[in-house]
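**Student:** structural data only, the sequence is not supplied:
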């Protein structure tokens, strides 16, 4: 697979593998042996970029995904780039499938998190360590200072943010250079495009999570799709509702038309659109299926011209779409205590 560079020197496969859905948010955790085999197959296909987080798991095993990734990738550790995250926990008192997030980026909490992640990932260093969500109670300069210390100690080699805004990025970068941000991005979620100029100015990469709008842009789901209301976030996502599917017919028709022209699939066009837009964007779609792993990886081979991208963007700007899932609610510690 082709490669890209995040920041100044972190080389990764053009498409990465988001491992979250194997353990969290997309139904009950998948069979661990099957997922370990799938991750090994991804390495064989040329994937070198793997993403997880300390909170991807279940109530019974809140760190399931890191443990899975660590065990699966241990034989290939010197060939791959491993990313994980710190700084949040779930509000386990909630009865909702999509539980609120509680930020905690105090230095003592970060120190505890990194040691736990290193142990579960069975590695002596993390290649890129993201603050999972900003913590309004902790200045970002303080977080960046801890990242600088962890880099000096060799426990991490690069760092970044998930769902960060421009001011946060600039303030943090001034203390400890940021390698990449990891924000939501897809044809249905383009609100972070205004960050492109600052990313280019500071030479920061953009890792795109949910690049297929939680799978919707694969065009594999319809009104008869059923999702587990206990374990699957898609059961409450607006793009998968009956009304959402009706509103998104024009978008899917556009994807089908371009896919036919390019002898590709709707999912591949969705990924190629962002890959061809900026050379510092790296999507990290997730999957539990080998066929989708192959399909997503081959999106890097599809070329869209600058004119084709511009035409697509104009069509998307004018098109009716449903709302799209925008992430879990953030709760402060004060709200939890009420």
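**Tutor:** Ah, there it is. Note that the coordinates shown come from a computational prediction; the quantities given were computed from them, not determined experimentally. Numbering: from 1, shown residues only.
**Student:** the residue sitting nearest the centre point of the chain pairs with what?
**Tutor:** A centroid search over the chain (C-alpha atoms, centre = their mean) returns residue 209, at 2.8 Å, as the residue closest to the centre. Taking DSSP bridges as the rule, residue 209 bridges to residue 184.
**Student:** average pLDDT for stretch 175-189?
**Tutor:** In this model, stretch 175-189 has an average pLDDT of 97.
**Student:** buried sites along stretch 38-55?
**Tutor:** Residues of stretch 38-55 classed as buried under the neighbour-count rule (16 or more other C-beta atoms under 10 Å) are 38-39, 42-43, 45, 47-55. The way it works is simple: take the backbone N, C-alpha and C, and place the C-beta from them, glycine included.
**Student:** residues in contact with residue 17?
**Tutor:** For residue 17, the residues meeting the contact criterion (C-beta atoms under 8 Å, 6 or more residues apart in numbering) are 39, 42, 47, 49, 50, 51, 284, 285, 286, 287, 293.
**Student:** poorly predicted segments of this protein, please.
**Tutor:** Confidence mapping of the chain against pLDDT under 70 gives the ranges 91-99, 326-338.
**Student:** please enumerate the helices of it.
**Tutor:** Secondary structure of the chain (DSSP state H): helices at 32-45, 64-73, 107-120, 140-152, 166-175, 196-202, 242-247, 249-262, 266-277, 290-298, 306-318, 333-337.
**Student:** distance from the second one to the middle of the chain?
**Tutor:** If I follow you right, that is helix 64-73. Averaging C-alpha coordinates over helix 64-73 and over its chain gives two centres that are 16 Å apart (C-alpha atoms, centre = their mean, to the nearest Å).
**Student:** kindly report the same for the fourth one.
**Tutor:** For helix 140-152, the distance between its averaged C-alpha position and the chain's averaged C-alpha position is 22 Å (C-alpha atoms, centre = their mean).
**Student:** also stretch 272-285?
**Tutor:** Relative to its chain's centre, stretch 272-285 lies at 12 Å (C-alpha atoms, centre = their mean).
**Student:** now distance to residue 231 too, for the helices of the chain, in CSV please.
**Tutor:** Below are the helices of the chain laid out as CSV (distance: least, C-beta to C-beta, whole Å):
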stretch, distance to residue 231
helix 32-45, 15
helix 64-73, 12
helix 107-120, 21
helix 140-152, 31
helix 166-175, 32
helix 196-202, 34
helix 242-247, 20
helix 249-262, 26
helix 266-277, 23
helix 290-298, 19
helix 306-318, 31
helix 333-337, 23
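**Student:** what's the neighbour count on the closest residue to residue 221 other than its chain neighbours?
**Tutor:** In space, and not counting its chain neighbours, residue 221 is closest to residue 240: 6.2 Å by C-beta to C-beta, 6 or more residues apart in numbering. Residue 240 has 26 neighbouring residues, counting by other C-beta atoms under 10 Å.
**Student:** from memory residue 240 sits against residue 226, does it?
**Tutor:** No. Taking C-beta atoms under 8 Å as the definition, residue 240 is not a contact partner of residue 226, at 10.0 Å.
**Student:** wait, doesn't residue 158 sit right on residue 10?
**Tutor:** Yes. Residue 158 lies in contact with residue 10 (C-beta under 8 Å); the separation is 5.3 Å.
**Student:** neighbour count for these two, which is higher?
**Tutor:** Neighbours were counted for residue 158 and for residue 10 using other C-beta under 10 Å; residue 158 has more, 24 against 20.
**Student:** list the contacts of the closest residue to residue 280 other than its chain neighbours.
**Tutor:** Here the nearest residue to residue 280 in space, its sequence neighbours aside, is residue 205; by C-beta to C-beta, 6+ apart that works out to 4.7 Å. The contact partners of residue 205, taken as C-beta under 8 Å, 6+ apart, are 4-7, 10, 160, 179-181, 199, 280-282.
**Student:** kindly report the same for residue 118.
**Tutor:** Under the criterion of C-beta under 8 Å, 6+ apart, the neighbours of residue 118 are 124, 125, 126, 155.
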